[in-house]
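Enquirer: need a 3D model of the following:
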Amino acid sequence: MSIGSVLDLLRPDFPDVTISKIRFLEAEGLIRPERTPSGYRRFSVADCERLRFVLTAQRDQYLPLKVIKEQLEAIDSGAATLGFREARARAVGGGGVEPVRSDDSGHPAESGDRSARVAGHAPPRRLGVVPGEISPDELRFDHEIRLTRADLLQQAAIDEKFLNDLIRANLIVPGAAGFFDSEAVTLARTAKAMAEFGLEARHLRAFKLAADREAALVAQIVAPIAKSRDAGARARAEETARELAALSLTLHTCLVKASVRNSLGG
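Expert: Numbers count the residues shown, from 1 in each chain. Have a look, this model is predicted:
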C-alpha cells in the first residue's frame, strides 16, 4: 500500500500523524518499507502494524524513540514477537508497551476493542485523486520537524561537500534558522543515488526548474481561493494545492514513462 493509504488507516487512531512523521520514523530506522523500481514507498500490513506499535508507545507511554527502537531490534533478532494487539490493549488499560512472546502458533491472541479507540474521531475527508502513483495526502507538510545540518548529513548518509553542492544548486534550501525539513533527507538520498549514475548536483537543476514551473502554475490557480475572506479559505487553498500537485506529479510520472519508453524504442 502507498504511504497515503497507510495514513488513512492510522489516522482514526492517531489523528495527528502525518506523512512527514512516517518518513521521519523511516529515517530513524524504525520502519523499512520496500521501494518500487520508481522509488515510491510500498508498505506491507506488517509495516503498518509496526507503525501502530511505535505511535502507541510514543503517545500512551511517552517512550523515547531509542527505547522503542531497542524493542523493535529485539523483535527483529527473534528474541520477541511484535504482539501489536496485546501491546495496544495494555496501553489502553494503562500497562506498559513492550514486545511480547507469541503463542505456539506464532500468532498473538486477539484482544482489545478497536472501536472504543476510534470513538469520537471522525475519519478525515479523502481528497480527490485519480488512479496513479501519487495521493494528495503524500503532500501534507509537517512544519514541526526541524533537522540540523548534522542530522541531515547522518540521516541522508552524505558528506559536507555533497550537501554544499545541493545547496549551491538550490536543490536544498535551509530555513531561516538554518534547519532542514524531512523532505531534505529524501531529496539528498535521491540525489546521492542519481550521482551513482554520473548525475551531479548541477545536472539536477533541470528537475528543480521544472518543479518550480509546476508549483507556480498550482499557485496561480490556488491564489484566488487563498485570498477569499470566507472562513476556512486558507485550508481550502492548501487542500486544493495538494490535489493539484498530486495530479501534476501523476501526470509528470506518466509523461516521463512514455518518453523513456519511446526513447528505448518501445
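
Enquirer: distance check, Gly178 against Ile158.
Expert: Applying CB to CB, to the nearest Å, the value for Gly178 to Ile158 is 17 Å. Using the backbone N, CA and C atoms, a C-beta is placed for each residue, glycine as well.

Enquirer: between the two, who's got more neighbours?
Expert: Ile158 (19 against 9; other CB atoms under 10 Å).

Enquirer: show the contacting residues for that one.
Expert: Ile158 makes contacts with Leu152, Ala188, Arg189, Lys192, as judged by CB atoms under 8 Å, 6 or more residues apart in numbering.

Enquirer: ok, now with 10 Å
Expert: Taking CB atoms under 10 Å, 6 or more residues apart in numbering, we find Ile158 in contact with Leu152, Asp165, Leu166, Val185, Ala188, Arg189, Ala191, Lys192, Ala195.

Enquirer: so what's the residue count around the fifth one?
Expert: The tally of other residues near Ala188 (other CB under 10 Å) stands at 22.

Enquirer: make sure it is actually in contact with Ala169.
Expert: No: using CB atoms under 10 Å, Ala188 is not in contact with Ala169, being 11.8 Å away.

Enquirer: count the residues that sit near Glu26.
Expert: 21.

Enquirer: just give the nearest non-adjacent residue to it, would you?
Expert: Once flanking residues are discounted, Glu26 sits nearest to Pro33: 6.7 Å by CB to CB, 6 or more residues apart in numbering.

Enquirer: counting neighbours, what do you get for the one you found?
Expert: 21.

Enquirer: what are the ranges of the strands in the protein?
Expert: With DSSP state E as the criterion, the chain has strands at 34-35, 41-42.

Enquirer: alpha carbons only: can I get stretch 59-66 in PDB?
Expert: C-alpha atoms of stretch 59-66 as PDB (Å, rounded to 0.1, in the frame of the first residue of the first chain):
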ATOM      1  CA  ARG A  59       1.500   8.600  22.700                       C
ATOM      2  CA  ASP A  60       0.400   6.400  25.600                       C
ATOM      3  CA  GLN A  61       3.700   5.600  27.300                       C
ATOM      4  CA  TYR A  62       5.800   8.600  26.300                       C
ATOM      5  CA  LEU A  63       8.700   6.200  25.400                       C
ATOM      6  CA  PRO A  64      11.600   7.800  23.600                       C
ATOM      7  CA  LEU A  65      12.400   6.500  20.100                       C
ATOM      8  CA  LYS A  66      15.700   5.000  21.400                       C
END
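
Enquirer: begin at 218 from here
Expert: All right, first residue 218 from here; so that's stretch 276-283.

Enquirer: ok now it, how far from the chain's centre?
Expert: Centre-to-centre, stretch 276-283 and its host chain are 20 Å apart (CA atoms, centre = their mean, to the nearest Å).

Enquirer: what does stretch 445-463 give?
Expert: Here the centre of stretch 445-463 is set off from its chain's centre by 21 Å, with CA atoms, centre = their mean.

Enquirer: point out the most buried one among the strands of the chain.
Expert: strand 258-259 (a mean of 18; mean count of other CB atoms under 10 Å).

Enquirer: fine, thanks again, bye for now.
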